[in-house]
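Asks: build me a structure from this.
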Amino acid sequence: MGYSLFVGEPLAVWVNLNKGCISVQHKGLPVGHFVACTIELSNVTWACPPKGFQSATKQRHVFARMRGEFVAIHGAEWRPPSAAQRVRLNSRERPHLPHFHTLPSETPVRETARGWIHHAIGAPYPIAYGLGGDT
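Replies: Residues are numbered from 1 along each chain as shown. Predicted coordinates for the structure are as follows:
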């Protein structure tokens, strides 16, 4: 079963640590798992419910997502714009930061005009970037 992504379509995306990829949902339904690419969203909300963050410090599961409107899928050679900042959430390494934040400043991130989640070939997990808004 295939699924086509359309520009402007609302998506939820997240780092899937168990599968080492980017996972995507549309209206709560799974779209697929992506590797060796970058998914670009606009009008991004970086969502991390407090209860989900607390339980993730004990066991690994999906609890946080970037939500926004689909813009494009870029190839593996993609590089972030120079003004973009890396956005991170790690309940184990940074339990004192129960929200998405920039690196290295640890500034909270809740909304950005643009957001990217990038997976490189051979990388253990995808990396997220934000531009505009809170970054």
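
Asks: please enumerate the strands of the protein.
Replies: Along the chain, the segments classed as strands by DSSP state E run 10-16, 21-26, 29-34, 37-47, 65-74, 85-88, 101-102, 111-119, 127-131.

Asks: packing partners for the second one?
Replies: In terms of contacts (3 or more C-beta pairs under 8 Å, 6 or more residues apart in numbering; DSSP states H and E), strand 21-26 is packed against strand 10-16, strand 29-34, strand 37-47, strand 111-119. For the C-beta atoms, the positions are set from N, CA and C on the backbone; glycine is no exception.

Asks: neighbouring strands of that strand in the sheet, and parallel or not?
Replies: strand 10-16 (antiparallel), strand 29-34 (antiparallel) (DSSP bridges).

Asks: helices and strands of the chain: which one bottoms out on pLDDT?
Replies: helix 50-56 (a mean of 60; mean pLDDT, DSSP states H and E).

Asks: E9: neighbour count?
Replies: The tally of other residues near E9 (other C-beta atoms under 10 Å) stands at 15.

Asks: sorry, that was for F70
Replies: A total of 20 residues lie near F70 under the criterion other C-beta under 10 Å.

Asks: try P104
Replies: Neighbours of P104 under the rule other C-beta under 10 Å: 9.

Asks: tell me the phi and psi of it?
Replies: Dihedral pair for P104: phi -90, psi 0, per degrees, to the nearest 10.
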